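[1] Below are the sequence and a predicted model for it; my questions follow.
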There are 2 protein chains.
Amino acid sequence: MSTAEKVARRQVDRFEERRRELADAALHTLSELGYARTSLREIAQNSAFSHGVLHYYFRDKVDLITYCVRQYKAACVLRYDRIVATARTPEALARGFADGLVATLVEDATMHRLWYDLRSQALFEESFHADVLEIDATLERMIARIVGRYAELLDRPVLTPASMTYAMFDGMFQQALLRRFAGAGGATEQLHAGALQLLTRIVPA
Amino acid sequence: MSTAEKVARRQVDRFEERRRELADAALHTLSELGYARTSLREIAQNSAFSHGVLHYYFRDKVDLITYCVRQYKAACVLRYDRIVATARTPEALARGFADGLVATLVEDATMHRLWYDLRSQALFEESFHADVLEIDATLERMIARIVGRYAELLDRPVLTPASMTYAMFDGMFQQALLRRFAGAGGATEQLHAGALQLLTRIVPA
DNA sequence: ACCGTGTCTGGACGACTGTCAAGAATTTCC
DNA sequence: GGAAATTCTTGACAGTCGTCCAGACACGGT
């Protein structure tokens, strides 16, 4: 590799790193304010830079948000992979999964509400379609892995399609999140019990 | 009733009627553009009036949107009540329910995406909490009536809590809506099959 | 040390926002 | 028919928005 190539590579890396840094700040602001109320100036204010720099690293607002969504997805997978249990018994796996759901509901609540917000935006903005569908597919596979392992440990077949399974867990999680932010009590308990119950419904005896 | 009271009553009625009319226009615009992109001027432009009149009938934008959400709820209940089957056999009820879901997914698609958009907003804006929770509770009861009747026809007990049942149907519907707007095929078929399958899971043999 | 390139700032621009008020238009009532 | 009350239009207001740009700054290579 020539020195010129090394220089170019390093600059590209720096550029990418700064993009990630700015997208991080943007994600933080978005998760706090929501898509409708987040402006580029507000994002810049929650970063170490001024608002002008955003157009140096991103073509426009849609470009920034799209990049944010992709970065969010990466975080998503990591977070959920924590949940994938190393358990040796189906009971331990189920418990670990339910515990993990409740934990991320509490710890990453603002990020989750951002996800549902952005997914709703995808119903109106075509430019979000591809990324949202891809993230949903990733989450669906994650759920399928857990359910598949659970059934494997029980030596039973999975009779429910993965898309349906994901939709049901997602619906439950969304309800729990809503109750949490709306101040209604019992959200964590309902999610925990619901996840366990749903698991036994999907892999019936 | 005195004549003065009659006059007052008539004025109140007219006032309420105009509010409904404007909220209708607002709902139409909202369902087309989404919460984040809808302005009062745009709403007025899709009505027979100018933008200033909105502040004659509504205190501010939040007041208007809140009123819209409440009006939307009324439409919701009516629409879903169409689905509540008069069927005499469980098979007919299940089929009618699944058909109804698919029909409203296709016919009222823009209204449904508005609902999910506004419910996401409730995760960020406290003023939406009460109405969103109330609408969700209404929909939950609607689902519970259908499932309850289905179990009754089969002479079996319902073993799943209503909140969990609603969450699962809602999750499936939301996925179908997303696939529809994202241009992915098979949304209606998946929803139809999923609803039937979920019904048998909730009321197991 | 200096130059050139890459990075960043801060202000300016026009468009758009919610809100409001003055007055025109319309309706109601005697 | 005219006065009074209501309903509606229009334009203005102070902000904020995304976007762009001239110039200041930083820093690695020679």
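    Nice, I can see it.
[2] Pull up the residues of chain A that are close to DNA strand D.
    Proximity of chain A to DNA strand D, by Cβ under 7 Å from any atom of the strand, involves residues A:3, A:7, A:38-42, A:51-52, A:54-55, A:60-62. C-beta coordinates here come from the backbone N, C-alpha and C atoms, glycine included.
[3] at 10 Å instead, please
    Proximity of chain A to DNA strand D is confined to A:3-4, A:6-7, A:10-11, A:14, A:33, A:35, A:37-45, A:50-56, A:58-65 under the rule Cβ under 10 Å from any atom of the strand.
[4] Show the buried residues in those residues.
    Restricting the residues of chain A next to DNA strand D to buried positions leaves A:L33, A:Y35, A:T38, A:L40, A:E42, A:I43, A:A44, A:L54, A:F58, A:L64, A:I65, with burial counted as 16 or more other Cβ atoms under 10 Å in any protein chain shown.
[5] For these, work out which two are farthest apart.
    Of all pairs drawn from those, the widest gap by Cβ to Cβ lies between A:L33 and A:F58 and measures 18.2 Å.
[6] on that earlier part again, of the residues of chain A next to DNA strand D, which are in range of chain B?
    A:L33, A:Y35, A:R37 (Cβ under 8 Å from any Cβ of the partner chain).
[7] thinking again about what came up before, can I get the buried ones among the residues of chain A next to DNA strand D in CSV with pLDDT, secondary structure and distance to A:S120?
    Shown next, in CSV, are those (pLDDT from 0 to 100; DSSP: H, G, I helix; E, B strand; the rest coil; distance: Cβ to Cβ, whole Å):
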residue, pLDDT, secondary structure, distance to A:S120
A:L33, 98, helix, 15
A:Y35, 98, helix, 8
A:T38, 98, coil, 14
A:L40, 98, helix, 21
A:E42, 98, helix, 20
A:I43, 98, helix, 20
A:A44, 98, helix, 25
A:L54, 98, helix, 24
A:F58, 97, coil, 22
A:L64, 98, helix, 19
A:I65, 97, helix, 13
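[8] ok, which stretches of chain A are helices?
    A:3-33, A:40-45, A:54-57, A:61-83, A:90-107, A:109-121, A:129-154, A:162-181, A:187-202 (DSSP state H).
[9] Looking at the ones you listed, which is nearest to B:L105?
    Using Cβ to Cβ, those put helix A:162-181 closest to B:L105, at 13.4 Å.
[10] And the closest one, what does it pack against?
    helix A:90-107, helix A:109-121, helix A:129-154, helix A:187-202, helix B:129-154, helix B:162-181, helix B:187-202 (3 or more Cβ pairs under 8 Å, 6 or more residues apart in numbering or on different chains; DSSP states H and E).
[11] Quick one: residues in contact with the first one.
    Pointing back at helix A:90-107 there. Residues from elsewhere that reach helix A:90-107 (Cβ atoms under 8 Å, 6 or more residues apart in numbering or on different chains): A:79-80, A:82-83, A:85, A:87, A:112, A:146, A:149-150, A:153-154, A:173, A:176-177, A:180, A:187-188, A:191-192, A:195-196, A:199.
[12] What is the burial count for whatever residue of chain A ends up closest to chain B?
    Of all residues in chain A, A:G171 sits closest to chain B, at 2.2 Å by Cβ to the nearest Cβ. Using other Cβ atoms under 10 Å in any protein chain shown, A:G171 is surrounded by 24 other residues.
[13] Quick check: it vs A:A130, distance?
    23 Å (Cβ to Cβ, to the nearest Å).
[14] Same question for A:G96.
    When distance is defined by Cβ to Cβ, A:G96 is 32 Å away from A:A130.
[15] More neighbours: the two, which one.
    Between A:G96 and A:A130, counting by other Cβ under 10 Å, A:G96 is the more crowded of the two (17 against 14).
[16] Need the pLDDT of the spatially most central residue of chain A.
    By Cα atoms, centre = their mean, chain A has its centre lying nearest to A:C76, at 3.6 Å. Looking at A:C76, its pLDDT reads 79.
[17] Excluding sequence neighbours, find me the nearest residue to A:L191.
    Of all residues not flanking A:L191 in the chain, A:A176 sits nearest, at 4.0 Å (Cβ to Cβ, 6 or more residues apart in numbering or on different chains).
[18] Over to A:Y35?
    Nearest to A:Y35 is A:D117, by Cβ to Cβ, 6+ apart, at 5.1 Å.
[19] per-residue pLDDT, the one you found?
    At A:D117, pLDDT is 98.
[20] A:G34 is in contact with that one, correct?
    Yes. Using Cβ atoms under 8 Å, A:D117 is in contact with A:G34, at 5.3 Å.
[21] any residues in contact with both of these two?
    Common contacts of A:D117 and A:G34 (Cβ under 8 Å, 6+ apart): B:S120, B:Q121, B:L123, B:F124.
[22] Identify the residues contacting the last one.
    B:F124 makes contact with A:L33, A:G34, A:A36, A:R37, A:R113, A:D117, according to Cβ under 8 Å, 6+ apart.
[23] of those, closest to DNA strand C?
    Distance ranking of these against DNA strand C, using Cβ to the nearest atom of the strand, places A:A36 first at 10.2 Å.
[24] Return, as residue ranges, the portions of chain A with sub-threshold pLDDT.
    By pLDDT under 70, the low-scoring segments of chain A are A:1-9, A:80-83, A:85.
[25] Can you name the residues of it that neighbour DNA strand C?
    Counting by Cβ under 10 Å from any atom of the strand, the residues of chain A that sit close to DNA strand C are A:7-8, A:10-19, A:21-22, A:40-41, A:44, A:47-57.
[26] at 6 Å instead, please
    Contacts of chain A with DNA strand C, taken as Cβ under 6 Å from any atom of the strand, map to A:Q11, A:R14, A:F15, A:R18, A:F49, A:S50, A:G52, A:V53, A:Y56.
[27] Farthest pair within those?
    A:Q11 and A:S50 (21.3 Å).
[28] Can you name the residues that contact the residue of chain A at minimum distance from DNA strand C?
    Residue of chain A nearest DNA strand C, by Cβ to the nearest atom of the strand: A:G52 (2.1 Å). With contacts defined as Cβ under 8 Å, 6+ apart, A:G52 is in contact with A:A44.
[29] Stretch A:154-171 spans what distance, first to last residue?
    25 Å (Cα to Cα, to the nearest Å).
[30] Go through it and flag the buried ones.
    In stretch A:154-171, counting by 16+ other Cβ under 10 Å, buried: A:L154, A:T160, A:A162, A:S163, A:M164, A:T165, A:Y166, A:A167, A:M168, A:F169, A:D170, A:G171.
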